[in-house]
Structures are given as C-alpha cells and as structure tokens.
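J.: here's a sequence, model it:
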Amino acid sequence: MNGNLFDVSGNDNHGIGNFVTLTADQNGVPGEAYLLNGNNAFIEFQDHAHFDPPLPVTITAWVRKDNVGQGKSFLVFSNRFQANTYDGVWLNINAADKITAAYGDGGPVSPGSRRSKTGITSLSPNTWHHVAVVINGPLDMEVYLDGINDCGDYSGSGGPLSTPNGIPGASGVSDLHSQNGPFNYGKGAVNDIRFFNTALSQQEIWEIAFNNSILPSVLANCPPDPCEVINIVPSFSYSAWTSVVTFTDATSSYLGPPDYVVWDFGNGNTQTTMGNASVTHNFFFWGTYHVCMTAGYFVENKECIVTICEDITLTDSGLRQQFESGAQNDIDTHSISWTLYPNPATSMINIDASNIEGKYSFDILDLSGKLIQSHRGLGLTQLKIDTLSKGIYLVILRSNGIRSTKKLYVN
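T.: The predicted model follows:
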C-alpha cells in the first residue's frame, strides 16, 4: 500500500483507515503495510460503481495473520459487507487459517446464502503470504497461496451474486455495520490489496506476487483425486431375445467391480444392481433406446461416478448395435422358414421346420427373458405345453448360427 490507502488504479476507490497503524511490509520495508490490532482496527472502502462488477472477479493481497491457531477468521477484503447478510464477493482467512473465496446472494448468514471454496493449506503464523482468489461462478473458483493453486472444496448453495448499493467494502473486520457486536476484527497486517473485474490466470497472479514471469515447476498443492487414482473403466454388454434384453455390467477399476450400478433403459424405467451383475429388461415396443449405465464407487468418503451410454435399436429382426466400436450381438432373423401352430394353444404345439436341413434347437422363454424349456428337433416336432401358465411366451429357434423368434399365446 506504499504507506497510504490511495487507489493507484485511478478509479478513486481510496480506503479509510480506522485505528490502523503502519508496519513493515512483506519485504521488511518499514511503514509500507497496515497493521490491524485485532481489537478495533479496520479499513473501509467507500461504495463505488467500480466495486460492482459481475463475475468473474479476482482478489489478491499480501496478508500476515498473527493469531493463527486461535480459531479466529480474518476478512482480507470484501466489496460489500454488512451485518447478518451475505453480500458481494470476499477473500477471507477462515477460523482454520485457510483461504476462502466466496460470494453472497443477499440472504441471511447461512450456507444457503453463499457459494464458497476453501483451500487445503493453513497459513503459517506471523508470516507474510500472498493470497488470491478467482471467482467465476458457483462451482468455478480458484484459491492461490503464494502463487500456487491450493485446490480445496466447495460449500454453500446460494443463488446469484448480490451487490446492493450503499454498502461499503472492508478489510480486517466482519459485520462492519452491526449494531449488536462484538465485531470480528482481524489481527495481523495487510498490503497491496487488488480487486479485478476479470479472472486472472495463475501466471498473472504469480507475476503480481513476485514480479517474476517464471512459474515454479509445482503449480498446485492438490492431493490426487481418488476417483482418478482407482482408474475406473466403464463397460457393459448385452444380448437380446426380440424385445427382451439382458444387460451385464463389465466396469472395472483397481478396486474391482463398482459398489452399485444404475441402469437407465431410455424408456422411463431405471433399475439399480450390484457391480458386474446382470439385469433383464423387456422394452415391449420396437424402437431406438438411449441406454445409460452409471457405475458408482465409494472411495475415501467420496462418491466416484462414471456414466456411459449407447443407442440400441429393437426391430422385428432383433437387436442391433448402432456403434461401430460396440460388441457384436446375435441377430434375430426370420430368414428361417418354420411354422408354429396352433397359436393360441392350450396343451400341445407343433413346430414345423421341415425346410431346415438337419437338427435344430428351440427354447421357450417368458417375457422377462427367463428360460422355461429347451429342446431339440428334426423336421416336425410336437411338444406338450400343458404345464405352461396362461400368457405370452417367446419361442426361439436356432439352426446353423441363425435364430428366429415367434410369440406363443397360451390360453
């Protein structure tokens, strides 16, 4: 701050010191930064149109927090701060001594009125740090500690940014206009507070902090994402009998099968299974269905989710896959010449496949895809069905790698 609270940008956003005193800055130069005593000292920034930009914004500053480890927060800068309300955008050092980027929607002080992201690293006591936050949107924020991305976690569920007129900004104090107190005063020092109506890059933040264009080799303090570490490879296969399709999850990872799988069959129906399990679904109608499989793992208190989808088409000639890279499935075709009679039937059916050379096999399934009977035949075959309940069944005949399906009605 060069020993004063003047706005060097030329926008006349000058600060007003309240019980602040000069102190040495981050370079040890006396009288260049402002000391906040933790009792009654703060800096106020007058209401100005330049403080009301829409997102994105960037806030940077040098800060020294002298009460690290004492459970006290330190508001480094807010463009709009009033009692018992979350307004504007702010850069805060929270009670755990970690950098927080946030903005409020004008509602009461609660997680439901703000959006925020908090870094993972606690500041060192009585040590100057360069802190910066970039706020693009509710789930698009960056937190930087000494020019390095400090990653972090999001919280809050607030609405759009609120920046009411007539409310000043502040540094070093929370609830500036509270009538009830006590106020929360920051203890430490601040210098070179900057507010930008754009999203600065890490390169730009590094240059502001250290006047050096060469970035370090390590650009982030982020721990590895457990969802990436386990290397989830989603996959599923399927087979069909006319409109009845059996799907099988084949997802893999370093942890093995998923903890759960959710199937969306693209026709308004869903089903949840265990990992690497099969599920059978009857679509009933021909058409193209956008089938999605979501596999989920629980890793280190985090839910890792991955979804893949494929379009499948059901026609009267069976199931075919629409992706060239997909797995081959049997083709259900009526190119085999055979008849099924009587149909409807009560106790006996005839399968006449006299045009087929050699033996053939045929299965009877219910509409869920469950196998009821399996037989072999040659030419004309008679079969008793008096044990079948009334309903609709599928008779699938196979010969020489070709299969054909007919519906059987049992009265």
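
J.: tell me where the stretch 251-400 of the chain has strands.
T.: Here the stretch 251-400 of the chain has its strands, by DSSP state E, counting those that start in this stretch, at 260-264, 270-273, 278-282, 287-299, 302-315, 318-321, 339-341, 348-352, 360-366, 371-377, 380-384, 391-399.

J.: for residue 98, find the nearest of those.
T.: Ranking the strands of the stretch 251-400 of the chain by distance to residue 98, with CB to CB as the measure, places strand 302-315 first at 19.1 Å. No exception for glycine: its C-beta is placed from N, CA and C like everyone else's.

J.: what mean pLDDT does that closest one have?
T.: The average pLDDT for strand 302-315 rounds to 87.

J.: wait, a strand at residue 118?
T.: Yes. According to DSSP: H, G, I helix; E, B strand; the rest coil, residue 118 belongs to a strand.

J.: phi, psi for residue 204 please.
T.: Backbone torsions of residue 204, given as degrees, to the nearest 10, read phi -70, psi -40.

J.: shift numbering so it begins at 611
T.: Okay, using 611 as the starting number, the last item reads as residue 814.

J.: now it: how far from residue 823?
T.: 10 Å (CB to CB, to the nearest Å).

J.: re the thing from before, rank the strands of the stretch 861-1010 of the chain by pLDDT, which is bottom?
T.: Minimum mean pLDDT among the strands of the stretch 861-1010 of the chain: strand 928-931, a mean of 41.

J.: ok, back up a step: can I get the strands of the stretch 861-1010 of the chain in TSV with distance to residue 746 and mean neighbour count?
T.: Formatted as TSV, the strands of the stretch 861-1010 of the chain follow (distance: least, CB to CB, whole Å; neighbours: other CB atoms under 10 Å):
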stretch	distance to residue 746	mean neighbour count
strand 870-874	31	19
strand 880-883	34	14
strand 888-892	40	18
strand 897-909	28	18
strand 912-925	23	15
strand 928-931	40	18
strand 949-951	65	13
strand 958-962	67	17
strand 970-976	55	19
strand 981-987	56	13
strand 990-994	69	13
strand 1001-1009	55	18
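
J.: same list, these, but as JSON lines with distance to residue 781 please.
T.: Output for the strands of the stretch 861-1010 of the chain, formatted as JSON lines (distance: least, CB to CB, whole Å):
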{"stretch": "strand 870-874", "distance to residue 781": "48"}
{"stretch": "strand 880-883", "distance to residue 781": "51"}
{"stretch": "strand 888-892", "distance to residue 781": "58"}
{"stretch": "strand 897-909", "distance to residue 781": "40"}
{"stretch": "strand 912-925", "distance to residue 781": "35"}
{"stretch": "strand 928-931", "distance to residue 781": "61"}
{"stretch": "strand 949-951", "distance to residue 781": "85"}
{"stretch": "strand 958-962", "distance to residue 781": "87"}
{"stretch": "strand 970-976", "distance to residue 781": "73"}
{"stretch": "strand 981-987", "distance to residue 781": "74"}
{"stretch": "strand 990-994", "distance to residue 781": "88"}
{"stretch": "strand 1001-1009", "distance to residue 781": "75"}
